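[1] Sequence plus predicted model, see below.
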Amino acid sequence: DQQVKQNSPSLSVQEGRISILNCDYTNSMFDYFLWYKKYPAEGPTFLISISSIKDKNEDGRFTVFLNKSAKHLSLHIVPSQPGDSAVYFCAAYSYGKLTFGQGTILTVHP
Amino acid sequence: NAGVTQTPKFQVLKTGQSMTLQCAQDMNHEYMSWYRQDPGMGLRLIHYSVGAGITDQGEVPNGYNVSRSTTEDFPLRLLSAAPSQTSVYFCASSYSALQSSGANVLTFGAGSRLTVL
């Protein structure tokens, strides 16, 4: 039973446009959410996070939105750059553990 | 700083063989964990430790053993490898036990790719 789901395995975007990556969760006990970015042959690296008491957190080109009633979060990248091409994982925290989604492969075309 | 170091980077095993994946961190992190990454499954927690001498099971612990005798090291042992354990394994650490705050940021190693024939 996958508690954190990223239903889009891949996303292709033109450079300069907006990338929107989505994540859904089922466990209402999750109270902190994170996005990680992973390049090939490297480990995931932390990108941005949001507490369940907020609905938006922004860091430069990256914004995470949280809709608690829909149990949905999204990552917006504006503008998208070719260097953003990577696998993006969303993760949710509850009771001392992080649960990750399946990942979405983002490709940004020049 | 080296961060989180995993060895080996690649390993091929035959079914039934045993091996240990090594993980070391030099950041004085209390929390360490092991994840496996499989296609379509994301990262799944195998075992974790909130400090030396303390370990606990994650989502997929079967077939794996861990111990935490020092703060720096958290080895993952496969006692009798099976083809289902073919995966990429990531070790990750954090300054303290995970909690509902910014202290949840994990630092990952580069991964160890294991193939079991």
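    All right, it came through fine.
[2] who's residue 4 bridged to?
    You didn't pick a chain, so chain A it is. For residue A:4, the beta-bridge partners under DSSP bridges are residue A:25.
[3] my bad, chain B
    residue B:25.
[4] residues touching it, list them.
    Neighbour list for residue B:4: A:43, B:23, B:24, B:25, B:27, B:91, B:92, B:93, B:107, B:108, B:109 [criterion: CB atoms under 8 Å, 6 or more residues apart in numbering or on different chains]. Yep, even glycine has a C-beta here, placed from its N, CA and C like the rest.
[5] Can you give me the distance of the last one to chain A?
    Using CB to the nearest CB, to the nearest Å, one gets 5 Å for the distance from residue B:109 to chain A.
[6] cool, and the fourth one?
    Spatial separation of residue B:25 from chain A under the definition CB to the nearest CB is 12 Å.
[7] residues in contact with that residue?
    By CB under 8 Å, 6+ apart, the residues touching residue B:25 are B:3, B:4, B:5, B:32, B:72, B:74, B:91, B:93, B:107.
[8] again, but for residue B:28
    Residue B:28 neighbours (CB under 8 Å, 6+ apart): B:71, B:95.
[9] Apply 10 Å and report the result again.
    By CB atoms under 10 Å, 6 or more residues apart in numbering or on different chains, the contact set of residue B:28 is B:71, B:72, B:93, B:95.
[10] Would you mind giving me the PyMOL syntax to select the buried ones in those?
    In PyMOL syntax, the buried subset of the contacts of residue B:28 is picked out as below (16 or more other CB atoms under 10 Å in any protein chain shown):
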select buried, chain B and resi 71+72+93
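[11] Mind putting the contacts of residue B:28 into TSV with secondary structure and pLDDT?
    Shown next, in TSV, are the contacts of residue B:28 (DSSP: H, G, I helix; E, B strand; the rest coil; pLDDT from 0 to 100):
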residue	secondary structure	pLDDT
B:71	coil	95
B:72	coil	96
B:93	strand	94
B:95	coil	87
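[12] In which helix or strand does the residue nearest the centre of chain B reside?
    Among the residues of chain B, the one closest to the centroid is residue B:34, at 2.4 Å (CA atoms, centre = their mean). Using DSSP states H and E, residue B:34 falls within strand B:31-38.
[13] partners of that strand, with directions?
    Short version: by DSSP bridges, strand B:31-38 pairs with strand B:42-51 (antiparallel), strand B:87-94 (antiparallel).
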